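> Please work out how this folds:
(chains A and B)
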Amino acid sequence: MKISTIVELLDADVLTGVDHLETDVHSACGSDMMSDVLAYVKDQAVLLTGLVNSQVIRTAEMMDMVCVVFVRAKRPTLEMIDIAQESGIVLLSSEKRMYDACGTLYANGLNGARHE
Amino acid sequence: MSEFLNFHYDVDGDNFVSAGQASVQVKKNLRQLGLPTEVIRRVSIAMYEGEINMVIHANGGTADVDVYEDRIVIRLADKGPGIKDVALAMQEGFSTANENVRSLGFGAGMGLPNMKRYTDDMQIDTVVDVGTTITMTIRLA
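Below you'll find the predicted structure:
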(Lines give C-alpha, C1' and ligand atoms only; values in the text may rest on other atoms or scores of the structure.)
Protein backbone atom coordinates (compact mmCIF):
# COMPACT_ATOMS: atom_id res chain seq x y z
CA MET A 1 0.00 0.00 0.00
CA LYS A 2 1.28 3.45 -0.82
CA ILE A 3 1.38 6.09 1.91
CA SER A 4 -0.87 8.21 -0.30
CA THR A 5 -3.51 5.47 0.02
CA ILE A 6 -3.23 5.65 3.82
CA VAL A 7 -3.79 9.41 3.59
CA GLU A 8 -6.91 8.74 1.55
CA LEU A 9 -8.28 5.89 3.68
CA LEU A 10 -7.78 7.73 6.95
CA ASP A 11 -8.73 11.13 5.55
CA ALA A 12 -5.47 12.30 7.06
CA ASP A 13 -3.56 15.55 6.94
CA VAL A 14 0.04 15.33 5.77
CA LEU A 15 2.17 17.24 8.28
CA THR A 16 5.55 16.52 6.75
CA GLY A 17 7.02 14.25 4.10
CA VAL A 18 4.91 15.11 1.05
CA ASP A 19 7.79 13.94 -1.12
CA HIS A 20 7.53 10.40 0.23
CA LEU A 21 3.84 9.70 -0.27
CA GLU A 22 4.47 7.25 -3.08
CA THR A 23 6.59 5.01 -0.84
CA ASP A 24 5.23 1.46 -0.61
CA VAL A 25 4.59 0.05 2.87
CA HIS A 26 3.78 -3.54 3.75
CA SER A 27 3.01 -3.65 7.45
CA ALA A 28 1.96 -1.49 10.38
CA CYS A 29 1.46 -1.49 14.10
CA GLY A 30 -0.63 0.55 16.49
CA SER A 31 0.45 1.34 20.04
CA ASP A 32 0.87 4.07 22.61
CA MET A 33 3.63 2.13 24.35
CA MET A 34 6.92 2.66 22.52
CA SER A 35 8.62 -0.31 24.16
CA ASP A 36 5.92 -2.57 22.73
CA VAL A 37 6.65 -1.12 19.32
CA LEU A 38 10.36 -1.75 19.83
CA ALA A 39 9.67 -5.41 20.63
CA TYR A 40 8.80 -6.09 16.99
CA VAL A 41 11.84 -5.62 14.87
CA LYS A 42 11.02 -6.68 11.35
CA ASP A 43 9.51 -4.97 8.40
CA GLN A 44 7.28 -2.50 10.12
CA ALA A 45 6.79 0.59 8.09
CA VAL A 46 3.92 2.45 9.69
CA LEU A 47 3.23 3.35 13.32
CA LEU A 48 -0.23 4.44 14.43
CA THR A 49 -0.27 6.12 17.82
CA GLY A 50 -2.15 8.51 20.05
CA LEU A 51 1.01 9.42 21.90
CA VAL A 52 2.60 12.79 21.20
CA ASN A 53 6.22 13.32 22.23
CA SER A 54 9.56 13.30 20.50
CA GLN A 55 10.26 9.69 21.54
CA VAL A 56 7.56 8.58 19.11
CA ILE A 57 9.59 9.92 16.21
CA ARG A 58 12.81 8.53 17.67
CA THR A 59 11.23 5.11 18.05
CA ALA A 60 10.14 5.23 14.41
CA GLU A 61 13.66 6.29 13.46
CA MET A 62 15.24 3.38 15.38
CA MET A 63 12.86 0.94 13.71
CA ASP A 64 13.47 2.32 10.20
CA MET A 65 9.78 3.15 9.94
CA VAL A 66 8.73 5.51 7.18
CA CYS A 67 5.39 6.84 8.38
CA VAL A 68 3.76 7.80 11.69
CA VAL A 69 0.00 8.34 11.90
CA PHE A 70 -1.32 10.33 14.87
CA VAL A 71 -4.87 9.23 15.59
CA ARG A 72 -7.69 11.08 17.36
CA ALA A 73 -6.63 14.29 15.58
CA LYS A 74 -3.48 14.56 17.68
CA ARG A 75 -0.87 16.97 16.38
CA PRO A 76 2.88 16.62 16.82
CA THR A 77 4.99 19.51 18.10
CA LEU A 78 7.16 21.54 15.75
CA GLU A 79 10.22 19.88 17.24
CA MET A 80 8.80 16.47 16.36
CA ILE A 81 8.07 17.61 12.82
CA ASP A 82 11.68 18.83 12.52
CA ILE A 83 13.10 15.48 13.68
CA ALA A 84 10.81 13.61 11.28
CA GLN A 85 11.73 15.86 8.40
CA GLU A 86 15.43 15.28 9.00
CA SER A 87 14.89 11.54 8.96
CA GLY A 88 12.54 11.51 6.00
CA ILE A 89 9.62 10.16 8.03
CA VAL A 90 6.11 11.05 6.87
CA LEU A 91 3.82 12.39 9.62
CA LEU A 92 0.06 12.11 9.23
CA SER A 93 -2.79 13.17 11.48
CA SER A 94 -6.23 11.57 11.28
CA GLU A 95 -9.42 12.23 13.19
CA LYS A 96 -10.12 8.50 13.35
CA ARG A 97 -9.66 6.72 16.63
CA MET A 98 -6.98 4.06 17.01
CA TYR A 99 -9.28 1.05 16.56
CA ASP A 100 -11.00 2.49 13.52
CA ALA A 101 -7.77 3.65 11.89
CA CYS A 102 -6.06 0.28 12.36
CA GLY A 103 -9.18 -1.59 11.25
CA THR A 104 -9.53 0.49 8.12
CA LEU A 105 -5.92 -0.10 7.06
CA TYR A 106 -6.06 -3.81 7.94
CA ALA A 107 -9.29 -4.31 6.02
CA ASN A 108 -7.62 -2.75 3.02
CA GLY A 109 -4.71 -5.16 3.08
CA LEU A 110 -2.08 -3.57 5.34
CA ASN A 111 -1.01 -6.35 7.68
CA GLY A 112 0.40 -6.32 11.18
CA ALA A 113 4.04 -7.06 11.92
CA ARG A 114 5.30 -10.51 12.71
CA HIS A 115 6.51 -11.03 16.27
CA GLU A 116 10.06 -12.32 16.50
CA MET B 1 41.49 -8.72 16.66
CA SER B 2 41.97 -6.03 19.25
CA GLU B 3 41.65 -2.92 17.13
CA PHE B 4 38.34 -1.20 17.38
CA LEU B 5 36.49 2.04 16.83
CA ASN B 6 35.03 3.66 19.92
CA PHE B 7 32.07 6.01 20.04
CA HIS B 8 31.54 7.65 23.41
CA TYR B 9 28.47 9.57 24.55
CA ASP B 10 27.29 11.28 27.71
CA VAL B 11 23.61 10.65 28.32
CA ASP B 12 21.87 13.65 29.88
CA GLY B 13 19.66 12.45 32.71
CA ASP B 14 17.46 15.49 33.05
CA ASN B 15 15.91 15.63 29.68
CA PHE B 16 13.47 12.98 28.53
CA VAL B 17 12.81 14.89 25.32
CA SER B 18 16.40 14.60 24.15
CA ALA B 19 16.80 10.98 25.31
CA GLY B 20 17.82 8.78 22.42
CA GLN B 21 20.15 11.29 20.80
CA ALA B 22 23.18 9.07 21.38
CA SER B 23 21.37 6.17 19.73
CA VAL B 24 20.48 8.31 16.75
CA GLN B 25 24.15 9.29 16.43
CA VAL B 26 25.30 5.66 16.74
CA LYS B 27 22.89 4.68 14.02
CA LYS B 28 24.36 7.34 11.73
CA ASN B 29 27.93 6.30 12.53
CA LEU B 30 27.23 2.61 11.90
CA ARG B 31 25.55 3.46 8.61
CA GLN B 32 28.67 5.30 7.54
CA LEU B 33 30.68 2.17 8.31
CA GLY B 34 28.44 0.30 5.89
CA LEU B 35 27.21 -2.35 8.34
CA PRO B 36 24.12 -4.44 7.47
CA THR B 37 20.76 -2.73 8.14
CA GLU B 38 19.60 -5.52 10.45
CA VAL B 39 22.72 -5.21 12.63
CA ILE B 40 22.40 -1.44 12.80
CA ARG B 41 18.75 -1.74 13.80
CA ARG B 42 19.52 -4.25 16.56
CA VAL B 43 22.35 -2.13 17.95
CA SER B 44 20.37 1.08 17.87
CA ILE B 45 17.22 -0.39 19.44
CA ALA B 46 19.18 -2.08 22.24
CA MET B 47 21.09 1.11 22.90
CA TYR B 48 17.97 3.27 22.68
CA GLU B 49 16.15 1.18 25.29
CA GLY B 50 19.24 1.37 27.49
CA GLU B 51 19.49 5.10 27.03
CA ILE B 52 15.82 5.57 27.96
CA ASN B 53 16.39 3.40 31.05
CA MET B 54 19.33 5.54 32.10
CA VAL B 55 17.25 8.70 31.78
CA ILE B 56 14.20 7.24 33.55
CA HIS B 57 15.93 5.43 36.38
CA ALA B 58 19.48 6.65 36.82
CA ASN B 59 19.74 10.34 35.99
CA GLY B 60 21.84 9.64 32.92
CA GLY B 61 25.25 8.08 32.47
CA THR B 62 27.67 7.19 29.73
CA ALA B 63 27.38 5.06 26.63
CA ASP B 64 30.25 3.49 24.73
CA VAL B 65 29.97 1.61 21.49
CA ASP B 66 33.02 -0.36 20.41
CA VAL B 67 33.05 -1.66 16.86
CA TYR B 68 35.37 -4.63 16.33
CA GLU B 69 35.81 -6.60 13.15
CA ASP B 70 33.64 -9.44 14.43
CA ARG B 71 31.36 -7.80 16.99
CA ILE B 72 29.89 -4.62 18.39
CA VAL B 73 30.00 -4.06 22.14
CA ILE B 74 27.66 -1.54 23.78
CA ARG B 75 28.50 -0.49 27.33
CA LEU B 76 26.02 1.61 29.29
CA ALA B 77 27.16 2.79 32.69
CA ASP B 78 25.25 4.78 35.26
CA LYS B 79 25.51 5.79 38.88
CA GLY B 80 21.83 5.22 39.53
CA PRO B 81 20.02 3.26 42.24
CA GLY B 82 21.02 -0.16 40.88
CA ILE B 83 18.65 -3.04 40.15
CA LYS B 84 17.47 -4.83 43.27
CA ASP B 85 16.24 -8.01 41.61
CA VAL B 86 17.72 -8.58 38.14
CA ALA B 87 15.64 -11.71 37.43
CA LEU B 88 12.46 -9.79 38.17
CA ALA B 89 13.60 -6.81 36.10
CA MET B 90 14.17 -9.16 33.17
CA GLN B 91 10.54 -10.29 33.19
CA GLU B 92 8.48 -8.78 30.40
CA GLY B 93 5.92 -6.43 31.91
CA PHE B 94 7.73 -5.77 35.18
CA SER B 95 8.55 -2.12 35.68
CA THR B 96 9.29 0.27 38.51
CA ALA B 97 8.69 3.30 36.30
CA ASN B 98 6.14 5.82 37.51
CA GLU B 99 2.89 6.93 35.86
CA ASN B 100 4.57 9.95 34.34
CA VAL B 101 7.04 7.76 32.45
CA ARG B 102 4.19 5.50 31.32
CA SER B 103 2.26 8.44 29.99
CA LEU B 104 5.29 9.18 27.82
CA GLY B 105 5.11 5.74 26.21
CA PHE B 106 7.72 3.88 28.25
CA GLY B 107 7.78 1.92 31.49
CA ALA B 108 5.97 -1.08 29.99
CA GLY B 109 8.55 -3.42 31.44
CA MET B 110 9.94 -4.24 28.01
CA GLY B 111 13.24 -2.34 28.08
CA LEU B 112 15.62 -4.94 29.46
CA PRO B 113 13.86 -7.87 27.72
CA ASN B 114 14.10 -5.99 24.42
CA MET B 115 17.78 -5.29 25.00
CA LYS B 116 18.40 -8.97 25.59
CA ARG B 117 16.25 -9.95 22.60
CA TYR B 118 18.27 -7.88 20.16
CA THR B 119 21.75 -8.74 21.37
CA ASP B 120 23.72 -11.99 21.38
CA ASP B 121 24.96 -11.47 24.90
CA MET B 122 23.98 -9.18 27.73
CA GLN B 123 25.70 -8.82 31.10
CA ILE B 124 24.24 -6.75 33.91
CA ASP B 125 26.60 -5.62 36.65
CA THR B 126 24.61 -3.81 39.27
CA VAL B 127 25.10 -2.74 42.85
CA VAL B 128 22.21 -1.21 44.76
CA ASP B 129 22.82 2.48 45.52
CA VAL B 130 26.04 2.44 43.47
CA GLY B 131 25.02 1.96 39.85
CA THR B 132 24.57 -0.33 36.91
CA THR B 133 26.72 -1.24 33.95
CA ILE B 134 25.13 -3.16 31.12
CA THR B 135 27.37 -4.69 28.47
CA MET B 136 25.75 -5.97 25.30
CA THR B 137 27.44 -7.76 22.43
CA ILE B 138 26.17 -8.18 18.91
CA ARG B 139 28.16 -10.54 16.74
CA LEU B 140 28.87 -9.66 13.15
CA ALA B 141 28.39 -12.95 11.34
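> where are the low-confidence patches of chain A?
Applying pLDDT under 70 to chain A flags residues A:41-42, A:113-116.
> Contact residues of it facing chain B?
Contact residues, chain A versus chain B (C-beta under 8 Å from any C-beta of the partner chain): A:32-36, A:38-39, A:41, A:49, A:51, A:53-56, A:58-59, A:61-64, A:79, A:116. C-betas here are computed from N, CA, C, even on glycine.
> got the contact list for the residue of chain B found nearest chain A?
Chain A sits closest to B:M110 of chain B, with a gap of 3.6 Å, by C-beta to the nearest C-beta. By C-beta atoms under 8 Å, 6 or more residues apart in numbering or on different chains, the residues touching B:M110 are A:33, A:35-36, A:38-39, B:49, B:92-93.
> Show me where chain B has its helices.
Remark: helices assigned in chain B by DSSP state H are B:21-32, B:37-58, B:86-89, B:99-103, B:111-117.
> worst average pLDDT in these?
Lowest mean pLDDT of those: helix B:99-103, a mean of 88.
> May I see the buried residues of that helix?
B:V101 (16 or more other C-beta atoms under 10 Å in any protein chain shown).
> So what's the gap between that helix and the chain middle?
Put simply, helix B:99-103 sits 20 Å off its chain's centre (C-alpha atoms, centre = their mean, to the nearest Å).
> One more: stretch B:116-130?
9 Å.
> contact partners of that stretch?
The contact list for stretch B:116-130 (C-beta under 8 Å, 6+ apart) reads A:39, A:41, A:116, B:42-43, B:45-46, B:71, B:74, B:79, B:81-84, B:86, B:90, B:112, B:115, B:132-139.
> Could you tell me the end-to-end distance of it?
Distance between the two ends of stretch B:116-130: 23 Å, counting by C-alpha to C-alpha, to the nearest Å.
> Pull out the buried positions in that stretch.
By 16+ other C-beta under 10 Å, the buried positions in stretch B:116-130 come out as B:116-119, B:122, B:124, B:126.
> before we move on, what about stretch B:12-22?
Quick answer for stretch B:12-22 (16+ other C-beta under 10 Å): B:12-13, B:16-17, B:19-22.
> what's the most buried one of the helices of chain B?
The highest mean neighbour count among these, using mean count of other C-beta atoms under 10 Å in any protein chain shown, belongs to helix B:37-58: a mean of 24.
> Briefly note if that one comes near chain A.
Yes: counting by C-beta under 8 Å from any C-beta, contacts between helix B:37-58 and chain A involve B:37, B:41-42, B:44-45, B:48-49, B:52.
> Which residue is the nearest non-sequential neighbour of the residue in chain A that chain B sits nearest to?
Residue of chain A nearest chain B, by C-beta to the nearest C-beta: A:S35 (3.6 Å). Closest residue to A:S35 apart from its sequence neighbours, by C-beta to C-beta, 6 or more residues apart in numbering or on different chains: B:M110 at 3.6 Å.
> okay, the one you found: pLDDT?
So, for B:M110, pLDDT stands at 92.
> From A:A107, how far off is it?
B:M110 is 28 Å from A:A107, where distance means C-beta to C-beta, to the nearest Å.
> Over to B:R117?
Separation of B:R117 from A:A107 (C-beta to C-beta): 31 Å.
> cool, A:L15 as well?
Distance from A:L15 to A:A107, counting by C-beta to C-beta: 24 Å.
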